[in-house]
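A.B. asks: Coordinates for the following, if possible.
(one chain, ligands or ions: 2)
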Amino acid sequence: MILVTGGAGFIGANFVLDWLRSCDEPVLTLDALTYAGNRENLASLKDDPRHIFVQGDICDRELIDRLLVEHPPRAIVHFAAESHVDRSIHGPGEFIRTNVNGTFTLLEAARAYWTGLSGAAREGFRFHHVSTDEVYGSLGPNDPAFTETKTYEPNSPYSASKAASDHLVRAWHHTYGLPVTTSNCSNNYGPYHFPEKLIPLIIANALAGKPLPVYGDGMQVRDWLYVTDHCSAIRAILDKGVPGEVYNVGGWNEKPNIEIVNTLCALLDELKPDPAGSYSRLITFVTDRPGHDRRYAIDARKIERELGWRPAETFETGIRKTVEWYLANQDWVANVLSGAYREWVETNYAQR
Ligand code: NAD
Ligand code: TYD
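C.D. replies: Ligands and ions are numbered 1, 2, ... in the order given. Okay, here's the model as predicted:
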């Protein structure tokens, strides 16, 4: 079986669902169910004997040691993290705890477990660390896209904590020989994306007739990848990746934020027209994010060349699927818009 941390979050849940759609190898999901984790994301697996869910913290060494004995995995896929830049600006402490201390705890537990393995089990074991392109910093308009050898220049508490975790993962390979792989991926979008991130927030606000907040001039560029393409990249790395190697994952889809927002408005105008007029009337430019990175772009040639991975979705197909999913799953959205969510919206947007 495989152990997936953070499997009740956005990408983790897509990964677990995708995994069990494409094979029968069991999955143990470990997730603390923070505000971002949602058991409903995995509701379709409720009676599936191939899936075990454990609510727990990656900082809890005793728990992880016990799980590794009770459910010995052939691989650990590590998604669990605090993942939202804006939240890291308002409260960085939790990012250091989970992303740095949590990754450290998991690495130590994995090292003890792997050291106790022998033969093919030891040879085949993998620790895959899921990271982000944000560790590389911000690009100018004409800079080349990030390759795996780009210097680390994290600018937000979130990206700094992820950079620290990447360094720990690297060192555990170099020093102890732990068979790790790391992926640094660009911005994901798709089903189960928590509506505090740009794309699901714009869809949710538009449908509620609320302002669509665009930070600064809206010309910051992100490189968007449909979430199931990220999942297939991780599967390719688990299958064929070389221990100690880093793979950048991206969709070759650089877009300024304002274009994303305009595209979402146009799709909603088509799929769920508002009698009051185009959703674009709700676009509102608001105060910029402090230290806002201007541009991210991923050079994904290494993973294509060495592992034969390429994204299956274009931006056009992926964004349409995403809007359709949100329109068809308004109950899911309503359930996550809890009191805690409303408090966050107040914290992040009231002063902008
Ligand atoms: P998310 O915030 O939606 O989910 C994170 C999950 O981790 C949640 O289910 C949460 O409950 C769980 N978690 C948090 N702290 C925990 C802890 N201490 N112990 C156990 N579980 C804990 O995040 P996401 O967008 O799905 O991102 C998953 C991973 O992918 C993260 O490591 C993130 O850095 C990375 N990543 C995300 C993106 C993106 O665009 N979202 C892009 C590249 C990389
Ligand atoms: P986000 O989804 O938070 O991802 P990240 O910061 O990790 O790239 O934001 C994507 C882009 O959208 C980023 O440049 C910030 C911008 N943004 C807005 O303009 N308005 C918003 O309300 C949010 C949440 C983000």
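A.B. asks: Name the next helix or strand downstream of the helix or strand where residue 160 lies, please.
C.D. replies: Taking DSSP states H and E as the definition, one finds residue 160 inside helix 157-176. Next in sequence after helix 157-176, counting helices and strands by DSSP H and E, comes strand 180-185.
A.B. asks: Can you list the strands that that next one pairs with?
C.D. replies: Strand 180-185 pairs in its sheet with strand 126-132 (parallel), strand 246-249 (parallel), by DSSP bridges.
A.B. asks: is the first one anywhere near ligand 1?
C.D. replies: Yes. Under the criterion of CB under 6 Å from any ligand atom, strand 126-132 makes contact with ligand 1 via 130, 132. For glycine as for every other residue, the C-beta is placed from the backbone atoms N, C-alpha and C.
A.B. asks: cool, stretch 171-190 as well?
C.D. replies: Yes. Counting by CB under 6 Å from any ligand atom, ligand 1 has neighbours in stretch 171-190: 185, 187, 188.
A.B. asks: so what's the second one bridging to?
C.D. replies: Residue 187 forms beta bridges with residue 224, as assigned by DSSP bridges.
A.B. asks: The nearest residue to residue 45 once chain neighbours are set aside and ligand 1, how far apart?
C.D. replies: Among residues not flanking residue 45 along the chain, residue 51 sits closest, at 4.2 Å (CB to CB, 6 or more residues apart in numbering). Look at residue 51 and ligand 1: by CB to the nearest ligand atom, to the nearest Å, they are 15 Å apart.
A.B. asks: Please report how far residue 51 lies from residue 17.
C.D. replies: Using CB to CB, to the nearest Å, we find residue 51 at a distance of 10 Å from residue 17.
A.B. asks: Need the overlap of contacts for these two.
C.D. replies: Each of 42, 45 lies in contact with both residue 51 and residue 17 under the rule CB atoms under 8 Å, 6 or more residues apart in numbering.
A.B. asks: Turn the residues of stretch 171-190 next to ligand 1 into CSV, including neighbour count and pLDDT.
C.D. replies: Output for these, formatted as CSV (neighbours: other CB atoms under 10 Å; pLDDT from 0 to 100):
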residue, neighbour count, pLDDT
185, 25, 98
187, 22, 98
188, 24, 98
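A.B. asks: near ligand 2, which residues of the chain?
C.D. replies: 85, 187, 197, 198, 201, 213, 214, 215, 220, 222, 257, 289.
A.B. asks: The closest residue to residue 2 other than its chain neighbours: what's it in contact with?
C.D. replies: Nearest residue to residue 2, sequence neighbours excluded (CB to CB, 6+ apart): residue 75, at 4.7 Å. By CB under 8 Å, 6+ apart, the contact set of residue 75 is 2, 3, 125, 126, 127, 128, 238.
A.B. asks: Hmm, residue 127 and the last one touching each other?
C.D. replies: So that's residue 238. No. Using CB atoms under 8 Å, residue 238 is not in contact with residue 127; the gap is 10.3 Å.
A.B. asks: So which of those two has more stuff around it?
C.D. replies: Remark: of residue 238 and residue 127, residue 127 carries more neighbours, 25 against 16, as counted by other CB atoms under 10 Å.
A.B. asks: beta partners of that one?
C.D. replies: With DSSP bridges as the criterion, residue 127 is bridged to residue 76, residue 180.
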